[in-house]
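This is a predicted model, with the sequence first.
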Amino acid sequence: MVVRLATRQDLILSLKFNASSSNPNPNPNATFTLALFHLPRLPLRRRLAFSAVDREALRSAKAESRQLRGPQVEVAELSEVPEEWRRARVAWLCKELPAHKAGILVRILNAQKKWMAQEDATYILVHCLRVRENETAFRVYKWMMQRNWYRFDFALATKLADYLGKERKFSKCREVFDDIINQGRVPSESTFHILVVAYLSAPVQGCLDEACSIYNRMIQLGGYQPRLSLHNSLFKALVSSPGILSKNYLKQAEFIYHHLITSGLDVHKDIYGGLIWLHSYQDSIDKERIAELREAMLRAGFEEDREVLLSILRACAREGEVEETEKTWVKLLKFESDPPALAFVYKMEVYSKVGMHMKSLEVFRGMQLKLGETDVAAYNQIIEILCKAKESELAESIFADFVKSGLKPLTPSYVYLLSMYYNLELYDKLEEAFFQCLEKCRPNCTIYSIYLNSLVKIGNIDKAENVFSQMNRDAAIGVNARSCNIILSGYLSSGNHFKAEKIYDFMCLKKYEIESPLMEKLDYILSLKRKVIKRPISLKLSKEQREILIGLLLGGLRIDSDEQRRNHILRFDFDGKSGSHYVLKSHIYHQFYEWLHPTCKPSDNSENVPDKFCTIASSHFGFYADQFWSKGEPTIPKLIHRWLSPCVLAYWYMYGGHRNSSGDILLKIKGSREGVENIVKKFKAMSMNCKVKRKGRVFWIGILGSNSTWFWKFVEPYIIENKDFPEAGRETNDQNAMQTEDINFNSDSD
């Protein structure tokens, strides 16, 4: 390649750089030589949609981030460099580097190692920031850090982090932020502020937790006083998700409120309402704290609005506070003559807590008359109340109306009905309701366990054994400690000690807790054969577990290793808003139950599976850590083409892929270009053509058109679905959909 070097006159005229300028755009008054500095106009990046943050508050926080100033970067003018050849090369690099991707860019820089010094690299980096080539600036920065002449420059790192954060490159901004801390320095206020805003702007799972972490460190480590807009935008992000997800952020919300008060800043009405809302979703209601917040809200001159009153009703429902409920109901009627359906649901729950189930039914009938319609939550609530009160005729009548309405899901109401029939010993009705449930919705492990328990109770062990086997075979249902204890009690009561031992071995393998009365019987039976009880069982991954792991690792499963890389932990992270992930996480939880860390196993035998859980540290995961997470980064094994079985592809799709509205299959993967090419070649060998697009560090493999139909036939036997959610093949993962919405697969592959 022939390169025309600029003359000294060109350089002096065209490269006047004002280092103190904070404007990310090039100086409009500066002149640039067209041949040397012609850069294509950067396309405006379309803003990603984010529902987790109030737009107005975040816009205000972003506006304030532009007013914050970091330390000034000292950069010498290029005209001050004495050697003409050095000026020419630096100018050429300023023009050439932004035009290349990472690999070629590093090669070009490596070719300059013999002569380039820190001052030269700093000038190139700052120039890239001036012309909004922030990605190039970051790569130059990372290359600088690897040189033996590199000296940490706090002002330069701050400027780079701020520019990356303003462009919402939160991962790269965080990387520079961590570099500053690792050098023993405290990042500037602007860097803290901009990084928090960048995290809040990203519609990626886990970013809200990171935003909270940086906000806390801003106060505790940096000693800074965050701007009011930052307090408000972070708080609104905490309360913007459904209550079941947001309730874990109560301490963080209280911390923000405390800091607003101690800093003397204005506390908005939404802050008071949001805190009361969070308290109303807690498992244990702090009535005194809610009362304090209500008083503080009134002292600040704010009246309780509809949402606050609903939160108070929700808290009263959990505690059974009838008197406070009646007072709140009167206030709510002043706002609107037709309260929302949720208000009726909370009122029904309050009366049920104090044993007034007929009063709850009266509220339900009143809601039907007043609103003219009934929603799913109201049906489920009244059916639960009547079933617990053992009012079978009333419960059956309302359930029949529920079924006729066509509303879904029906599964919770079936659980209440079956539990009532079991407690009333109406086993024929229980079986009839169970088979109705099979037709109308997909029963879960709870429904099967109730039916299994009824079969054991009446002594129909053969049928119970068939039901248990079906549960174990069906990935969407599975078995748990409760169902295993039920079938174990059936075998022991029927004298089938051989099968009881097999279930005992299975429970030991899965590390399920055996109920004390059953353990006493087992002690005697096993002692007759001199069998060691509670013997240690060596854990070993099954063939199915190995294939599942490969699929999940391709989809983004994370592995953490110790310093010696001897023991490794699998960290499962599921999207709580995704229907397909809801079913998948339950299946994975039971598949790897024996490997799970004790803190991830519920002590109350609850069947609610958390969105995040991890395994114990084990050397058995060493192979997968070496192949998929070498050097702590996701990689693609060289032999991956040998492992792409239908099962592997299915779990890759369910964990890290989705199907868009056109029916195309999109698979997410991180790793090298060579690894992705290896996978594409394997797909072609399987008669599936695909296209690849790169977005940051993530590759998206698009299986389009008729190829997606073939892919679906290939993996369908292994796809886990639930009738209460959209079909797994048609369900779109919201998070993945947002990440791929601006990717165009109509052009050639990357």
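Looks like it arrived, so ask away. Keep in mind the model is a prediction, meaning the values are calculated, not measured.

mind listing the helices for the stretch 401-550 of the chain?
With helices called from DSSP state H, counting those that start in this stretch, the stretch 401-550 of the chain shows them at 411-423, 427-440, 445-457, 461-473, 481-494, 497-510, 516-528, 543-555.

From the rest of the structure, what touches the last one?
By Cβ atoms under 8 Å, 6 or more residues apart in numbering, the list of residues contacting helix 543-555 from outside reads 541, 557, 559, 570, 572, 588, 591-592, 624, 628-629, 634, 636, 640, 643, 645, 647-657, 667-669. Any C-beta I mention is one placed from the backbone N, CA and C, and that applies to glycine too.

Show the average pLDDT along it.
For helix 543-555, mean pLDDT rounds to 92.

And the next helix or strand past it?
With elements assigned by DSSP states H and E, the helix or strand that comes after helix 543-555 is strand 558-561.

and the helix or strand hosting residue 571, which residues are buried?
Using DSSP H and E, residue 571 sits within strand 568-573. Within strand 568-573, the residues that qualify as buried are 568-570, 572-573, counting by 16 or more other Cβ atoms under 10 Å.

now do stretch 357-376
By neighbour count, with 16+ other Cβ under 10 Å as the criterion, the buried positions of stretch 357-376 are 357, 359-361, 363-364, 367, 374-376.

what helix or strand does the residue sitting nearest the centre point of the chain sit in?
The centroid of the chain falls nearest to residue 205 when counting by Cα atoms, centre = their mean (3.6 Å). Secondary structure assigned from DSSP H and E places residue 205 in neither a helix nor a strand.

Please read off the pLDDT at it from the model.
The confidence metric pLDDT takes the value 76 at residue 205.

same deal with residue 749?
So residue 749 comes in at 58 (pLDDT).

doesn't residue 260 fall inside a strand?
No: counting by DSSP: H, G, I helix; E, B strand; the rest coil, residue 260 is not part of a strand but helix.

Give me the distance between the spatially closest residue to it that is not a sequence neighbour and residue 196.
In this structure, residue 260 finds its nearest non-sequential neighbour in residue 267, 5.2 Å apart by Cβ to Cβ, 6 or more residues apart in numbering. Plainly put, residue 267 is 19 Å away from residue 196 if you go by Cβ to Cβ, to the nearest Å.

more crowded one of those two?
residue 196 (27 against 20; other Cβ atoms under 10 Å).

can you tell me the helix or strand for that one?
Here residue 196 sits within helix 189-201, counting by DSSP H and E.

Could you check the angle the following helix or strand past that helix makes with helix 189-201?
Using DSSP H and E, the next helix or strand after helix 189-201 towards the C-terminus is helix 207-220. On the basis of axes from the mean of the first three to the mean of the last three Cα atoms, to 10 degrees, helix 207-220 is oriented at 160 degrees to helix 189-201.

State the helix or strand in which residue 658 lies.
Secondary structure from DSSP H and E places residue 658 in strand 657-659.

and that strand, how far out from the chain's middle?
Centroid separation between strand 657-659 and its chain, computed with Cα atoms, centre = their mean, to the nearest Å, is 16 Å.

Quick one: mean pLDDT for it?
Here the average pLDDT along strand 657-659 is 86.

again with stretch 114-127
For stretch 114-127, the per-residue pLDDT averages 90.

Please identify the buried residues of it?
Neighbour-count burial for stretch 114-127, counted by 16+ other Cβ under 10 Å, picks out 116, 119-127.

Three-state assignment for the residue nearest to residue 154 when sequence neighbours are not counted, please.
Leaving aside its chain neighbours, residue 154 sits nearest to residue 185 (5.5 Å; criterion: Cβ to Cβ, 6+ apart). Per three-state DSSP, the secondary structure class of residue 185 is coil.
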